[in-house]
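Asks: just coords:
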């Protein structure tokens, strides 16, 4: 697996390497929503009331953003979305 933000990601995906999109999730206590962003995929910012809704929205949005951000990414290349919740500072 190869992170989308790493150099030459589109090149390696053309040869069947699976690209990984890391998604970071935080919970906004004030608004009571979960927020997802990605250091690997420009423009990915999603918020939802539950983690299940958030995951569905992210998985629906990733293919569109891949088309916009990495037009040379081979259509047959697999992409794996991994979710990461940073530790909360105490």
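Replies: Great, that's in hand. Since we're looking at a predicted model, the values are computed, not measured.
Asks: what pLDDT does residue 4 get?
Replies: Here the pLDDT value assigned to residue 4 is 81.
Asks: so where does the closest residue to residue 33 other than its chain neighbours fall, helix or strand?
Replies: Using CB to CB, 6 or more residues apart in numbering and skipping the chain neighbours, the partner closest in space to residue 33 is residue 47 (4.7 Å). Glycine gets a C-beta too; all of them are placed from N, C-alpha and C. Using DSSP states H and E, residue 47 maps to strand 45-48.
Asks: still on that earlier bit, just list the residues touching the residue nearest to residue 33, thanks.
Replies: Counting by CB atoms under 8 Å, 6 or more residues apart in numbering, residue 47 touches 28, 31, 33, 34, 35, 36, 54.
Asks: try residue 38
Replies: Residue 38 sits next to 21, 22, 23, 24, 44 when contact means CB under 8 Å, 6+ apart.
Asks: In this structure, which helix is the longest?
Replies: In the chain, taking DSSP state H as the definition, the longest helix is helix 51-69.
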